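K.L.:
sequence first, then the predicted structure:
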Amino acid sequence: MGGPAAGEPMSALEVAVVLGLIALGTYAARALPILLLAGRVLPVPVQLALRNVAPAVLAALIVISVSPSRSPAEVTMGRWPEVAAVIAAGVVARWRRNLLWAMVAGLVTLWLALWAVQIR
Amino acid sequence: MQTTGAPGGARYGVLMLPAPDRAALREGLPLLIPAVPFGLIIGVAAMDSAMPAVGGWLTSVLIFAGASQLTTVTLAGTTSAWAVVLAALVINSRHLMYSAALSTAFSPQPRWFRVVGPFLLIDQIFAIMDTRTHFEPGRFRRYYLTLGLVFYLVWIMVVSLGMLLGPVIPGEWRLDMAPAIMFTGLLLMAIDRRPAVLAAVVGATAAFLGRGFPERLGILTGAVAGVIAGGLAEWVALRRGNP
């Protein structure tokens, strides 16, 4: 498995290997404790670390999604509609505790911000 | 299909599946509805992916985990295949915790269920079943399978629908940003304690600093830094008697 350039289509073999490994790894994460632990618990440091996988990974994914550039100025100014969209989605998710409302708020904010950029 | 009676509920045909649990259907619906738009977004993202459409669709069938499916189809073609696999598995590592937490409830179950059941162990199923561990084994199994199979089938249907709608949605709608927006919603709903806040802040900061790394390794940099920071904060909170 090599390193395709951005947007380069994946080959059928690459897709099969990627999906196979993710499917096997995901099943292993879901099944191994049930099959092997039989009521025993994971070591405390592992439990403590696993508690925060979701927030750490999601935060990293969001930042990379809205910051394609090395330039902090471009991230805060040139990409501000995208940044505004994720902030709006975050506020509404926290407020309404509902993913649907968060998605609506984020997309509407993005469209309004892009429209404001166009007419400026 | 021939139906035969059996302890713990009727069984249907050669598949020997337990009869559906109506309470599971009723109680699972509130968690199923919010998953629908997420599944649609994944379907739309799969059609924009460098991964062939059938591969994007198969993520639902084989992986059945929304955030990692979205990560897989979003990262495909933008980084190495190894980085895609690693990112998806890091995200799904939280399932270790779910599985460990339910291992006691699974221990009196028949072996086939201990092998098959974990495939359906998604966030919503864990959230519900973690409060149903007091059920007797037959009821637990019937309730779990009802919830899991309904979520699985509905999930495949909504992702498929998203893939059908994706190509006819105008580019001006900027649905390429939908994954980031969805991730933000998931993040803010996942943050429930101070260590989680620290994990998110450190993860975001490290990813930002590493955004120029090749193969989008900034994501893994942020993930690892955030998990370590959050784990240390959990440990400090535990030592202070405030877990």
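P.N.:
Received, thanks.
K.L.:
from here on, just use CA atoms for contacts and neighbour counts.
P.N.:
Will do.
K.L.:
might one say that A:Leu110 is in contact with A:Ile87?
P.N.:
No - the criterion here is C-alpha atoms under 8 Å, and A:Leu110 misses it with A:Ile87 at 10.2 Å.
K.L.:
so for those two, which sits in the more crowded spot?
P.N.:
A:Leu110 (27 against 19; other C-alpha atoms under 10 Å in any protein chain shown).
K.L.:
ok, the more buried one - contacts?
P.N.:
A:81-82, A:84-85 (C-alpha atoms under 8 Å, 6 or more residues apart in numbering or on different chains).
K.L.:
contact partners of the one helix or strand B:Ile228 maps to?
P.N.:
Taking DSSP states H and E as the definition, one finds B:Ile228 inside helix B:217-239. For helix B:217-239, the surrounding residues in contact (C-alpha under 8 Å, 6+ apart) are A:45, A:48-53, A:55-57, A:59-61, A:64, B:83, B:87, B:90, B:194-212, B:243.
K.L.:
would you show me how to pick out the buried ones of the residues you listed in PyMOL?
P.N.:
Buried members of the contacts of helix B:217-239, defined by 16 or more other C-alpha atoms under 10 Å in any protein chain shown, are picked up in PyMOL with:
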select buried, (chain A and resi 48+49+50+51+52+53+55+56+57+59+60+61+64) or (chain B and resi 83+87+90+195+196+197+198+199+200+201+202+203+204+205+206+207+208+209+210+211+212)
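K.L.:
and whichever strand or helix holds B:Arg139, what does it pack against?
P.N.:
Using DSSP H and E, B:Arg139 sits in helix B:137-165. Helix B:137-165 is packed against helix B:22-32, helix B:35-48, helix B:53-58, helix B:123-129, with contacts defined by 3 or more C-alpha pairs under 8 Å, 6 or more residues apart in numbering or on different chains; DSSP states H and E.
K.L.:
need those in CSV (columns: mean neighbour count, mean pLDDT and distance to B:Ile156).
P.N.:
Converted to CSV, these look like this (neighbours: other C-alpha atoms under 10 Å in any protein chain shown; pLDDT from 0 to 100; distance: least, C-alpha to C-alpha, whole Å):
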stretch, mean neighbour count, mean pLDDT, distance to B:Ile156
helix B:22-32, 14, 80, 13
helix B:35-48, 25, 87, 8
helix B:53-58, 20, 96, 8
helix B:123-129, 17, 83, 16
